[in-house]
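K.L.:
A predicted structure for the sequence below; I have some questions about it.
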Amino acid sequence: MGYVHATIELSNPREPELQPITAQALADSGALMLCIPEHLALQLKLQQESEREVTVADGRSMRVPYVGPVKVSFQDRICFVGALVLGDTVLLGAVPMEDMDLTINPSLQRLEPDPRSPNIPHALVKGVQTL
């Protein structure tokens, strides 16, 4: 399977007057988080909430800024997540993809809504028992 890229829109819900940014994101189900380059965090005026320690693919550990919230839009789906600030490209990990109910279609090499719920995101939750 090759790389799967998707056009997403990033915005800062705390700064509604700022224009959203359209970005090409690498969709990676092996990564957990949304990762954005520093210049996008600055353009969106995202606040640093904390630092996170991350381990990158080559095994190195480092501390990186954790910013948010970030509104992520793909087609007619949205989610709100925090983002790690690192790298030079946008990386869309499993957490935001799961939140928007998106899947990677390896045969077509594209990101798309889960075919079991094409019109609205679906979430699996456990029932809550009331007293």
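P.N.:
It's in.

K.L.:
Please enumerate the strands of the chain.
P.N.:
5-11, 21-27, 34-36, 47-55, 61-74, 77-85, 90-92, 102-105, 110-113 (DSSP state E).

K.L.:
Rebuild the ones you listed as CSV, extending it with mean pLDDT and distance to residue 129.
P.N.:
Every residue, glycine included, has its C-beta placed from N, CA and C. Below are the strands of the chain laid out as CSV (pLDDT from 0 to 100; distance: least, Cβ to Cβ, whole Å):
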stretch, mean pLDDT, distance to residue 129
strand 5-11, 98, 38
strand 21-27, 98, 37
strand 34-36, 98, 34
strand 47-55, 95, 33
strand 61-74, 97, 31
strand 77-85, 97, 28
strand 90-92, 98, 35
strand 102-105, 94, 31
strand 110-113, 94, 31
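
K.L.:
closest to residue 124 out of those strands?
P.N.:
strand 102-105 (14.0 Å; Cβ to Cβ).

K.L.:
I'd like to know which elements the closest one is packed against.
P.N.:
strand 110-113 (3 or more Cβ pairs under 8 Å, 6 or more residues apart in numbering; DSSP states H and E).

K.L.:
Off-centre distance for the strand it packs on?
P.N.:
From the chain centre to the centre of strand 110-113 is a distance of 14 Å (Cα atoms, centre = their mean, to the nearest Å).

K.L.:
re the thing from before, could you check the strands of the chain and tell me which one is nearest residue 127?
P.N.:
Of those, the one closest to residue 127 (Cβ to Cβ) turns out to be strand 77-85, at 23.2 Å.

K.L.:
Partner strands of the closest one and their direction?
P.N.:
strand 34-36 (parallel), strand 61-74 (antiparallel) (DSSP bridges).
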